[in-house]
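Colleague: Kindly generate the corresponding structure for this input.
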Amino acid sequence: MVILFDGVCYFCNRAVRFIIKRDPKARFVFASLQSPIGQKLLQHYGLPTTLNSMVLIQGERYFLRSDAALKIASHLAGFYRLLGIFWIVPRFVRDIFYNLVARNRYKWWGKLDSCPIPTAEEKSRFLNEKKDLEDLKVYLQTSTKEKSYGHLPT
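Modeller: So this is what the prediction gives:
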């Protein structure tokens, strides 16, 4: 599964490191929304290249906002998968809170000048511009296909 995130957002980068630590099976790979490969993936799925949301790509499906966060949590080690209980909360309610954080993330946690360079241990978990869409098909095809709870942004 591929997670696209805001590469210059301090909070988003901390979230990626949080996910990596709790993903011992290395189910997730990452790319910043601003990277060439992130932009190619957004275009491939018909999403705006200026998207202001974390994106989880699983097979031919994608998940945005709180759907992405809950789907990611359901695959993490430990009690985080219990956050799945929030699927019972209607999406529009969950997204109110997601959007509040998304709108204020730079103000509350700061903005980086550029995307941080991953550590040597993390490097294999990040897609980069040297990988093309053909290489990505391996990640996309090995993901479980299931019904998407995602939606196009308005």
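Colleague: would you list every one of the strands in the chain?
Modeller: Along the chain, counting by DSSP state E, strands occupy 2-5, 29-32, 55-58, 61-64.
Colleague: close enough to count as contact, residue 66 and residue 95?
Modeller: Yes: counting by CB atoms under 8 Å, residue 66 does reach residue 95; the two are 5.2 Å apart. Backbone N, C-alpha and C define where each C-beta goes, glycine included.
Colleague: higher neighbour count, these two?
Modeller: Neighbour count, other CB atoms under 10 Å: between residue 66 and residue 95, residue 66 has more, with 24 against 18.
Colleague: So which elements touch the top helix by length along the chain?
Modeller: Using DSSP state H to define each element, the chain has its longest helix at helix 91-109. In terms of contacts (3 or more CB pairs under 8 Å, 6 or more residues apart in numbering; DSSP states H and E), helix 91-109 is packed against helix 10-21, helix 65-73.
Colleague: returning to that earlier point: adding mean pLDDT and mean neighbour count, write the strands of the chain out as CSV.
Modeller: Output for those, formatted as CSV (pLDDT from 0 to 100; neighbours: other CB atoms under 10 Å):
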stretch, mean pLDDT, mean neighbour count
strand 2-5, 94, 25
strand 29-32, 92, 22
strand 55-58, 94, 24
strand 61-64, 94, 22
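Colleague: got CSV for those, with distance to residue 76 too?
Modeller: Converted to CSV, the strands of the chain look like this (distance: least, CB to CB, whole Å):
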stretch, distance to residue 76
strand 2-5, 12
strand 29-32, 14
strand 55-58, 12
strand 61-64, 15
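Colleague: Looking at those strands, spot the one closest to residue 128.
Modeller: Nearest to residue 128 among these is strand 29-32; the distance by CB to CB comes to 7.5 Å.
Colleague: and for that closest one, what are the contacting residues?
Modeller: 1-8, 16, 20, 37-38, 41, 115, 125-128, 139 (CB atoms under 8 Å, 6 or more residues apart in numbering).
Colleague: pLDDT weak spots in the chain?
Modeller: 114-116, 129-154 (pLDDT under 70).
Colleague: picking that back up, report the angle between the longest helix of the chain and helix 65-73.
Modeller: Using axes from the mean of the first three to the mean of the last three CA atoms, to 10 degrees, the direction of helix 91-109 lies 80 degrees away from that of helix 65-73.
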